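[1] take a look and give me a structure for this.
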Amino acid sequence: MEIRRVPYVDDRETIAETVQAAAEVQGMIAFTLVIPELQAYLIEEARRHKVPAVDIMGPMIDELARLFQRSPKREPGLVRKMDEEYFRRVEAIEFAVKYDDGRDPRGLLRADVVLIGVSRTSKTPLSMYLAHKRLKVANVPLVPEVEPPEELFRIPPQKCIGLTIEPEHLNTIRRERLKSLGLTSQANYASMERILQELEYAEGIMKKVGCPVIDVSRKAVEETANIVLEILRRGGRQS
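    Model (predicted):
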């Protein structure tokens, strides 16, 4: 069986061509037109060419109209309409990608929230999750050998969130990360000495910034995101 789809039908010519094509192969037409004039024209053309035609949406719309005592808008494309909320979400996602992992410090001054923390504290997945909530998020990794960008100390502390984690839990995560990359789990990246050094350094930076701090140990991204949203709702104050 061959199925031919004819989208975005908004004129009689397309309908006439479609009915003629269906008649030539002895096919049938299933349609979802919502404009009454085009519906009537298709039904008439199908009857004239002896082509079976089934209205998929019409009966449901009629029943909904009776149930809610409201007239349908009869406007095609409403389901696909891209509203302001959609574009804000897309813009936020693009922002999170562009300013991920401290790539461009200038983004910190434009962000709704800035996440800081050592490697493997879920900064990137948290940024993307919050972006789907229409927040512009930038994140900065804190590494002892790399001085944080000066922009970090120019943003309001309530717009910055520090992410910390228990050393033992971070050790487990980093060891698994090294294994997934085919590297030895004994590398300095996963050593407890290195982890403690990084966490101590990050704690100092967070105190200097004066931002709220969330312990992400054993927390799902969604859980951490809810805490971030609550902190932002409170104006940067933790409960």
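
[2] and the spatially most distant residue from the centre of the chain, how far from A16?
    Seen from the C-alpha centroid of the chain, the residue lying at the greatest distance (C-alpha atoms, centre = their mean) is R48, 48.7 Å away. Distance from R48 to A16, counting by C-beta to C-beta, to the nearest Å: 10 Å. For the C-beta atoms, the positions are set from N, CA and C on the backbone; glycine is no exception.

[3] give me the buried positions along the helix of greatest length in the chain.
    What stands out as the longest helix in the chain, according to DSSP state H, is helix 192-209. The neighbour-count check on helix 192-209 (16 or more other C-beta atoms under 10 Å) flags 194-195, 198-199, 201-202, 205-206, 209 as buried.

[4] cool, and stretch 153-161?
    Buried residues in stretch 153-161, counting neighbours by 16+ other C-beta under 10 Å, are found at 155, 158-161.

[5] and for stretch 40-54?
    Neighbour counts over stretch 40-54 (16+ other C-beta under 10 Å) mark 41-43, 45-46, 51, 53 as buried.

[6] neighbours of P105, how many?
    Using other C-beta atoms under 10 Å, the number of residues around P105 comes to 16.

[7] same check on I35?
    A count of nearby residues for I35, using other C-beta under 10 Å, gives 13.

[8] same check, this time on K219
    17.

[9] pLDDT score assigned to it?
    K219 is assigned a predicted lDDT (pLDDT) of 96.

[10] measure it to A225 for me?
    Using C-beta to C-beta, K219 is found at 10 Å from A225.

[11] domain parsing for the chain?
    Taking automatic domain parsing as the domain assignment, the ranges for the chain are 13-68, 84-233.

[12] quick one: D112 and K133 touch, right?
    No: judged on C-beta atoms under 8 Å, D112 makes no contact with K133 at a distance of 9.7 Å.

[13] who has more neighbours out of those two?
    D112 (16 against 13).

[14] for that one, what are its contacts?
    For D112, the contact set (C-beta atoms under 8 Å, 6 or more residues apart in numbering) comprises 135-137, 159, 232.

[15] what two of those residues have the greatest distance between them?
    The most widely separated members of those are K136 and L232, with 12.0 Å between them, by C-beta to C-beta.

[16] now for those two: what residues contact both?
    Common neighbours of K136 and L232 (criterion: C-beta under 8 Å, 6+ apart): 112-113.
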